[in-house]
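Engineer: here you go, sequence then predicted model.
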Amino acid sequence: MSLSFEKMGLQLELLDAINNLKFNEPTPIQLEAIPSLLAGKNVLGQAQTGTGKTAAFALPMLQQIDPEDRHIQALVLAPTRELAVQVAKATQQMAGNSHVRILPVYGGQSYTIQKKELKRGVEIVVGTPGRMLDLINQGVLDLSHVRYVVLDEADVMLEMGFIDDVDTILAEAPVDRQMALFSATMPRAIRKLADKHMRDIHEIKISPRQVTVAETEQRHYILREENKKDALIRLLEIEAVTSALIFSRTKIRTQELADTLNAMGYKVDALHGDLNQSRREYVMNRFRKGINNILIATDVAARGLDIENVSHVINFDAPADAEDYVHRIGRTGRAGRKGIAITFVTPNERGRFLRIESYIHQSINVANIPTKQQILDYREKQFITRLTDLLGKGNIDAERSIITKLEETSFSMIDITAAAIKLARETENHVVIEEFAEHQSPRKRNSNKKSFSGGKPGSKYNRNNGSESKRSKKSSQRRKGSDELETGMVRLRMNLGNSHGIRPGDVVGAIAGEVGIPGRAIGEINIQNDHTYIDVAEQHASNVLKASTGKYSLRGKPVMLTKDK
Ligand code: ADP
Ligand code: MG
């Protein structure tokens, strides 16, 4: 461990814990905040996500706790349940072997458990403002011994509408307590709150330049709005994306993009302000477990999120201001890992982008979206790599025996191999690479196939079996004849349609997810005005019918499926 943590005057047990956590040296915010807080000062810290704020307030807090005194001595207020749990966990780790008890409290959890724990005695309570205030008002959370109060992610609490609750809690805590307030941005309301509740403020601001780290490769692409989706699809294919956070401007755009990508088979979830806490958690859990590896979010929704590190941050819509840019890309390139931050900039957003560059004192490379040919070449290269890998591994005896049979036909070995390759590569074309839209007159643009046609009445989406995606030209030819059911499929009728805002991505996601069947078991989807026909593989049909009796909903409406006669 470097000397710097040791020089701060932290207790031995805390230094041990820091050692166990493998924190070699303090981050800039820790370097400034820890000594001030240990000296009893009130600290107002502005620093982006990922700068190590938890340890900055938790270490001095732990040092000042007396584990023998079973009263609540410190409060930490956090905007969301996830963050409260995360902070409580991190603080417990820093507490090491000491017997400090830390209790997270948040809405949705049973009061009985929280009350029981509070009665047994805890030293530190970490919680969301609403639930904390509830418990204070019920007289079970006693503030009279509180000596240390932390507001973590204060700007998020403001955005989520908790500021009045926070104000009330602060007003009820003893006046001589010490306080630390951390925020990524410093809106006027937060400043006012600090001035009201904190005396002799020691202000710390970690400049964004220290945040945009060398481990993050930053790039931008200049492109027109109508080409963004196709550009994104190309990049997702060619970049080594293990996990991505994609930022979009509005709730609607976020959901639409998620629907589009979902329908193309990407593992995507949308996160926006309309989702309730349990849905947010569900989505975050899927992301953490890797069930989905792409999250599409608005700035506000992403703010309160505990996302450790993603391989890519993609600004599908350029951020409105420079601080948001720094905040967004802070989700990648963490903890010494390499990250990539990509920003789409439309021609008339160039001025805004220049301001971002000047804010971070860095110029960001401009790159070109891979061309269709580059993607096709890339696919070929990938295929050859996979094929030669397999040849190296062997284990292809079963296939050899098929070749023996084929040798008896009149085809040449070259033709047989070529046909086999064609078959093997069919799935590649599930993601169709479109030519970029060139400038078109508005009227022509209406009929442009490339704009994703959401749920137009009568639109059909062929999901599997075969080489074309629902966006390919071939599938529009198939539409006419595809009223017949494919063999092995059963046609079901859903009570919701275009007028309910239903999109193909929703349907697949909801049914496959809720019933627990693979997405590929769902075939053609034909969205009508007030109902939708859905083809489902025979062996799954009865399960789907049993589970789809109004028990789950789509776009807020209960889903009912019946067999189509
Ligand atoms: P913030 O609250 O500013 O977003 P966190 O406190 O959650 O940041 O810390 C982000 C990550 O950095 C965590 O995984 C944490 O364990 C790690 N971390 C914090 N301080 C250090 C340090 N001094 N050295 C190495 N890693 C650290
Ligand atoms: Mg934090």
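Structural biologist: Arrived safely, thanks for sending. Ligands and ions are numbered 1, 2, ... in the order given.
Engineer: stretch 328-341 - what's its average pLDDT?
Structural biologist: If you average the pLDDT over stretch 328-341, you get 80.
Engineer: over to stretch 165-180?
Structural biologist: Per-residue scores along stretch 165-180 average to 96.
Engineer: going forward, the N-terminal residue is numbered 23.
Structural biologist: Yes, from this point I'll number from 23; that puts the last item at stretch 187-202.
Engineer: in that stretch, which residues are buried?
Structural biologist: Buried residues in stretch 187-202, defined by neighbour count with 16 or more other CB atoms under 10 Å: 187-189, 191-192, 195, 199-202. To be clear about C-beta, it is placed using only N, CA and C from the backbone, and glycine gets the same treatment.
Engineer: in strands, which of those appear?
Structural biologist: Residues of the buried residues of stretch 187-202 located in strands (DSSP state E): 200-202.
Engineer: which one among those residues gets closest to ligand 1?
Structural biologist: For those, the residue nearest ligand 1 by CB to the nearest ligand atom is A202; the value is 12.2 Å.
Engineer: any stretches of the stretch 273-422 of the chain with poor pLDDT?
Structural biologist: 326, 328, 356-358 (pLDDT under 70).
Engineer: nearest to A112 among the buried residues of stretch 187-202?
Structural biologist: A202 (15.0 Å; CB to CB).
Engineer: I'd say the closest one and F79 touch.
Structural biologist: Yes: using CB atoms under 8 Å, A202 is in contact with F79, at 4.6 Å.
Engineer: overlap in contacts of those two?
Structural biologist: Here A202 and F79 have 55, 59, 65, 172 as joint contacts, going by CB atoms under 8 Å, 6 or more residues apart in numbering.
Engineer: in the sheet, who's paired with the nearest residue to the third one once chain neighbours are set aside?
Structural biologist: Counting by CB to CB, 6 or more residues apart in numbering, V65 lies nearest to A202, which is 4.6 Å off, once chain neighbours are set aside. When assigned by DSSP bridges, A202 has beta-bridge partners V65, V172.
Engineer: residues contacting A202?
Structural biologist: 55, 59, 64-67, 78-79, 170-173.
Engineer: how about the buried residues of stretch 187-202, which pair is most distant?
Structural biologist: Most distant of the buried residues of stretch 187-202, by CB to CB, are D187 and Q200, 20.6 Å apart.
Engineer: could the ones in strands among the buried residues of stretch 187-202 go into CSV alongside distance to ligand 1?
Structural biologist: CSV is the format used below for those (distance: CB to the nearest ligand atom, whole Å):
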residue, distance to ligand 1
Q200, 19
M201, 17
A202, 12
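Engineer: picking that back up, and the shared contacts of A202 and F79, which is closest to E47?
Structural biologist: A55 (14.6 Å).
Engineer: torsion angles phi and psi at the residue in the stretch 373-522 of the chain positioned nearest to ligand 1?
Structural biologist: Nearest to ligand 1, among the residues of the stretch 373-522 of the chain, is I382, at 17.7 Å (CB to the nearest ligand atom). For I382, the backbone dihedrals (degrees, to the nearest 10) come out as phi -90, psi 0.
Engineer: if we can go back for a sec, show me which of the shared contacts of A202 and F79 neighbour ligand 1.
Structural biologist: Taking CB under 6 Å from any ligand atom as the test, ligand 1 is in contact with none of the shared contacts of A202 and F79.
Engineer: which of the buried residues of stretch 187-202 lies closest to M179?
Structural biologist: Of the buried residues of stretch 187-202, the one sitting nearest to M179 (CB to CB) turns out to be V188, at 5.8 Å.
Engineer: could you check how far that closest one is from P209?
Structural biologist: 14 Å (CB to CB, to the nearest Å).
Engineer: so which bits of this protein are right by ligand 1?
Structural biologist: Residues of the chain lying near ligand 1 (CB under 6 Å from any ligand atom): 45-46, 48-49, 52, 71-77, 357.
Engineer: let's see that with 8 Å instead.
Structural biologist: Counting by CB under 8 Å from any ligand atom, the residues of the chain close to ligand 1 are 27, 40, 43-49, 51-52, 69-78, 108, 112, 174-175, 204, 328, 330, 352, 356-357.
Engineer: rewinding a little: how many neighbours does the residue of the stretch 373-522 of the chain closest to ligand 1 have?
Structural biologist: Neighbours of I382 under the rule other CB atoms under 10 Å: 18.
Engineer: ditto for D156
Structural biologist: 18.
Engineer: now do the SS call for it.
Structural biologist: helix (DSSP: H, G, I helix; E, B strand; the rest coil).
Engineer: contact partners for it?
Structural biologist: Taking CB under 8 Å, 6+ apart, one finds Y133 in contact with D156.
Engineer: per-residue confidence for it?
Structural biologist: 93.
Engineer: so how far is D528 from it?
Structural biologist: 35 Å.
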